[in-house]
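Student: got a predicted structure plus its sequence, pasted below:
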Amino acid sequence: MSIVVPTARDESASDCAPPPDARLTLRQKDFCRHYAATGNAAGSGREAGYAKGSARQTGHELLDRPAIAERVRDFRAAWRAVEHEEAQILLGRLGQAWDAAVEKGSASLMLRVVKLQAELSDHHVVGHRGSS
């Protein structure tokens, strides 16, 4: 499974990005963005441009810095907010599909809508467990 990490140049990233932090370098901000998405300090260090041989140590050292940890939390909180908004939109659309299924009297469509709502709810809830 591939994880898409918004870059500073992505328009969509600005919707999810925390406020600018002048205390961090561009490389540190890239590390935060990757780490928030993956939880992998070594991989995030490499993706941000730190030396491959020391990326693991550098990544863990960066995570010990309060400004870095705060930025990671900010990214995760922003992404959770966007996920929540998107889930609400999808649940609303499924509500409309439910209404149409009831109107048609289609038990199979009603069952499909219920399954999709359950999947979306499970994904939304599971996606937030253990996140802080």
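Tutor: Looks like it arrived, so ask away. Numbers count the residues shown, from 1 in each chain.
Student: looking at this protein, which helix is longest?
Tutor: Longest helix of the chain, by residue count under DSSP state H: helix 66-104.
Student: and the helix or strand just after that helix, average pLDDT?
Tutor: Scanning forward in sequence from helix 66-104, with DSSP states H and E defining helices and strands, the next element found is helix 107-126. Per-residue pLDDT values across helix 107-126 average out to 79.
Student: alpha carbons only: can I get helix 107-126 in CSV?
Tutor: Backbone C-alpha positions of helix 107-126 (Å, rounded to 0.1, in the frame of the first residue of the first chain) are rendered in CSV as follows:
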residue,chain,number,x,y,z
ALA,A,107,-33.6,-4.7,0.2
SER,A,108,-30.3,-5.5,-1.6
LEU,A,109,-29.5,-1.8,-2.1
MET,A,110,-30.4,-1.1,1.5
LEU,A,111,-28.0,-3.8,2.6
ARG,A,112,-25.2,-2.4,0.4
VAL,A,113,-25.7,1.0,1.9
VAL,A,114,-25.6,-0.3,5.5
LYS,A,115,-22.4,-2.2,4.7
LEU,A,116,-20.8,0.8,3.2
GLN,A,117,-21.8,3.0,6.1
ALA,A,118,-20.3,0.4,8.5
GLU,A,119,-17.1,0.2,6.5
LEU,A,120,-16.8,4.0,6.5
SER,A,121,-17.5,4.2,10.2
ASP,A,122,-15.1,1.5,11.1
HIS,A,123,-12.4,3.0,9.0
HIS,A,124,-13.0,6.5,10.4
VAL,A,125,-12.9,5.2,14.0
VAL,A,126,-10.0,2.8,13.6
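Student: all good on my end, thank you.
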